[in-house]
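J.: This is a predicted model, with the sequence first.
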Amino acid sequence: MPARTRINRTTVDLSAFPDLIAVYLGMKVLSLRGLARIARLGPEIQASVDAKPDGLLLHEGMLFSLLPLHVGMRQYWRDLDSLERWTREGLHKGWWTGFLRDPGHTAFWHETYRIKGGFEAIYDNLDSPIGMLAFAPARAAKGPMFSARARLDPGAATPAAPVSEQELD
């Protein structure tokens, strides 16, 4: 009988992060022309991470598939307020506004998980369901389902979205 290999198991103590937020984001190429958008965004996203936004604890790149190209990232944020502050400023606001006006042959999605409980997600321009959209009922991202904060914490005060619902109608 071969000797048993010991497994080094480790866990984490998250007590110092009571408001931790994990967010998964993805962008999928829908046609060859979508490659240009992803190629341009990659360095811009890396520059924004290198700027060390307040509250960003970790950023990791991910590859979901090569064909079709579907790239993404996982980020951990100290709290929802710091994540929201970053989404409403500078580069992110520009990316989001640009995508919502013209997705450039790409699809985008994110799923947000809060240590205190609650999940929320948005799926824009996808050609097939992924993540929670693959098993949960789809709802229009309008009214009380428009913003991530409102989806995550119904009834809470919601800061103005980077792009208003009226601008998209």
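T.: Yep, it's here.

J.: what comes up buried for the longest helix along the chain?
T.: Using DSSP state H to define each element, the chain has its longest helix at helix 34-50. By 16 or more other C-beta atoms under 10 Å, the buried positions in helix 34-50 come out as 34, 37, 38, 41, 45, 48, 49. Heads up, the C-betas are built off the backbone N, CA and C, glycines and all.

J.: Tabulate these (CSV), appending distance to residue 108 and pLDDT.
T.: Putting the buried residues of helix 34-50 into CSV (distance: C-beta to C-beta, whole Å; pLDDT from 0 to 100) gives the following:
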residue, distance to residue 108, pLDDT
34, 11, 95
37, 10, 92
38, 10, 93
41, 10, 90
45, 12, 91
48, 16, 92
49, 17, 93
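
J.: Columns distance to residue 62 on top of those residues, output as CSV?
T.: Output for the buried residues of helix 34-50, formatted as CSV (distance: C-beta to C-beta, whole Å):
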residue, distance to residue 62
34, 18
37, 18
38, 13
41, 14
45, 12
48, 17
49, 13
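
J.: Just give me the closest of these to residue 10.
T.: residue 49 (25.0 Å; C-beta to C-beta).
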